[in-house]
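> predicted structure and sequence below. I'll ask about it afterward.
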Amino acid sequence: MSAVRTARTVVAATLVAGLAATALATPALAAPASAPAKKDHTATQQALQAAVDAGVPGAVAQARDGRTTWTGTAGERGGKDRYRVGSITKTFVATVLLQLQAENRIDLDDPVEKWLPGVVRGNGHDGRKITVRQLLNHTSGVYSVTSDAGFQEKIFGPGFLEHRYDRWTPKQLVDIAMTHAPDFAPGTDWNYSNTNYVLAGMVIEKVTGRPYGKAVENRIIKPLKLRATSVPGTDVRMPKPSSPAWSKLYTDPNAQVHDVSKLSPTLAYAAGEMISDSNDLQTFYRALLKGKLLPKAELREMTTTIPISPELPGAGYGLGLMKQKLSCGKEVWGHGGGIHGSSSDAQVTRDGGHSIALNFNADWTGDSQTVLEAEFCG
């Protein structure tokens, strides 16, 4: 799957919705938090409304600048709505693994084979030659399960309506990927692969002896008091408050719209199953970038990025965390996420002082990059 978000073939395949943007420039130093006047979010609200006018049923965003908080909505989304965050899950997973490394329970340069013997094998895949770090920064070359045509048809296409409640094991997801050749030899290139984070979740479970979701809950959700955030596991329901998630399940822009709010989170697992809201996501990313979740050494590793594409010189991918440069030169860090009927983005400045988290409750239209540009660049 490409780094750029597509509407129907991703479980958390969005790195940042702005990966498709071409208006990326050089960074500028952020002003001290106390210097600016109260932020005007008029442009951000207009961007949300423009997304709804273009066909998104509902949009919500919350921004924090210093100590001020603003919430905007358009269409049918509510300001406190919870939503499926897709690939934003990856930042939580990477944070847990970095915490485990800081505790000397794992080394990210361990081969995957050490923790998952025999799992990454087949058609040229070899877990003995791939490190855990390469899973986290997408340099492993492991084929993405969400690129498999059969999986796409069953999970993202019209087959979803029949299979939406099917339960998948992580091993089943990996096994599908292993029927394909690797994208490249480990460490020689970069390509976004959801299988990488399925494997990362499995590694956490092997290291801790418990479901990866428990590690996320105990190490991040509870300490930060993220009351709207959850790792649903096998629960197909959406917690309240929430509004419907809509999908066309086809590439045809005129296809019927379906309510896809309920689904089995096991189809995404550690690559994209989590649920949250805009307030919690900002709390998480601000705490992360301010060093409240990781020691300095591990945060430095997380923010050491790999170039994504010559066409996107301002974008880089670290360990479950991405940076991008906006048109006004500001540099922001975070992650995007796409899953059925839900497109999300959470971004924060490197000092953790200015942040935004947003969601569209549709997966066939909407560009969150315009919202990011409005918020950070005005």
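Yes, it's here. Numbering: from 1, shown residues only.
> how about the backbone phi and psi for the closest residue to residue 143 other than its chain neighbours?
Closest residue in space to residue 143, ignoring its immediate chain neighbours: residue 180 at 4.2 Å, by C-beta to C-beta, 6 or more residues apart in numbering. For the C-beta atoms, the positions are set from N, CA and C on the backbone; glycine is no exception. According to degrees, to the nearest 10, the main-chain angles of residue 180 amount to phi -110, psi 160.
> wait, residue 180 sits on residue 146?
No: assessed by C-beta atoms under 8 Å, residue 180 is found out of contact with residue 146, at 11.7 Å.
> more neighbours: these two, which one.
Set side by side, residue 180 and residue 146 show unequal neighbour counts under other C-beta atoms under 10 Å, the larger going to residue 146 at 28 against 18.
> look at the more buried one and tell me its secondary structure.
In terms of secondary structure, residue 146 is helix; the call rests on DSSP: H, G, I helix; E, B strand; the rest coil.
> next, count neighbours for the closest residue to it other than its chain neighbours.
Using C-beta to C-beta, 6+ apart and skipping the chain neighbours, the partner closest in space to residue 146 is residue 194 (4.9 Å). Burial measure for residue 194: 29 neighbouring residues, criterion other C-beta under 10 Å.
> what does residue 128 give?
As a measure of burial, residue 128 has 12 neighbours, counting by other C-beta under 10 Å.
> likewise residue 143?
Other residues within reach of residue 143, judged by other C-beta under 10 Å, total 27.
> can you tell me how far it sits from residue 159?
Residue 143 sits at a distance of 21 Å from residue 159 (criterion: C-beta to C-beta, to the nearest Å).
> before we move on, what about residue 302?
Relative to residue 159, residue 302 is positioned 37 Å away (criterion: C-beta to C-beta).
> now residue 222
37 Å.
> between the two, who's got more neighbours?
The residue with more neighbours, out of residue 222 and residue 159 and counting by other C-beta under 10 Å, is residue 159; that gives 16 against 12.
> now do the phi/psi pair for the nearest residue to residue 243 once chain neighbours are set aside.
Computed as C-beta to C-beta, 6+ apart, the closest residue to residue 243 that is not its neighbour in sequence is residue 76, at 5.1 Å. According to degrees, to the nearest 10, the main-chain angles of residue 76 amount to phi -90, psi 0.
> what about residue 347, which SS state?
strand.
> I'd say the residue nearest to residue 243 and residue 241 touch.
No: counting by C-beta under 8 Å, residue 76 stays clear of residue 241, with 11.8 Å between them.
> burial of residue 377, as a residue count?
When neighbours are counted by other C-beta under 10 Å, residue 377 registers 14.
> likewise residue 223?
Neighbourhood size, residue 223 [other C-beta under 10 Å]: 12.
> need the three-state assignment for it.
coil.
> residue 276 against residue 227, yeah?
No: Residue 276 lies out of contact with residue 227 (C-beta under 8 Å); the separation is 10.0 Å.
> who's more crowded, the two?
The neighbour count for residue 276 versus residue 227, taken as other C-beta under 10 Å, is higher for residue 276 (28 against 13).
> quick check on the more buried one: phi, psi?
Per degrees, to the nearest 10, the backbone of residue 276 is at phi -160, psi -170.
> OK, contacts around the closest residue to it other than its chain neighbours?
Closest residue in space to residue 276, ignoring its immediate chain neighbours: residue 229 at 4.2 Å, by C-beta to C-beta, 6+ apart. By C-beta atoms under 8 Å, 6 or more residues apart in numbering, the contact set of residue 229 is 221, 274, 275, 276, 277, 280, 281, 284.
> now for the helix or strand hosting the last one, which elements pack on it?
Remark: residue 284 resides in helix 278-289, with elements defined by DSSP states H and E. When contacts are defined as 3 or more C-beta pairs under 8 Å, 6 or more residues apart in numbering; DSSP states H and E, helix 278-289 sits against strand 58-65, helix 89-102, helix 296-302, strand 331-339, strand 342-349, strand 354-360.
> swap in 10 Å and give it another go.
Under the contact definition 3 or more C-beta pairs under 10 Å, 6 or more residues apart in numbering; DSSP states H and E, helix 278-289 sits against strand 58-65, strand 68-75, helix 89-102, strand 275-276, helix 296-302, strand 331-339, strand 342-349, strand 354-360.
> where does the residue nearest to residue 276 fall, phi/psi-wise?
Taking degrees, to the nearest 10, you get phi -100, psi 140 for the backbone angles of residue 229.
> how much space separates it from residue 235?
Distance of residue 229 to residue 235, given as C-beta to C-beta: 14 Å.
> give me the common contacts of the two.
Common contact partners of residue 229 and residue 235 (C-beta atoms under 10 Å, 6 or more residues apart in numbering): residue 275.
> quick check: which ranges of the protein have low pLDDT?
Applying pLDDT under 70 to the chain picks out residues 1-38.
> how about the helices in it?
In chain order, the chain shows helices spanning 42-53, 89-102, 112-115, 132-136, 149-155, 160-163, 170-177, 194-208, 212-216, 278-289, 296-302, 368-377, with DSSP state H as the criterion.
> so which of the ones you listed gets nearest residue 259?
helix 160-163 (10.5 Å; C-beta to C-beta).
> residues in contact with the closest one?
Residues external to helix 160-163 that are found in contact with it (C-beta under 10 Å, 6+ apart): 8, 152-155, 157, 166, 247, 249, 258, 260, 263-264, 267, 340.
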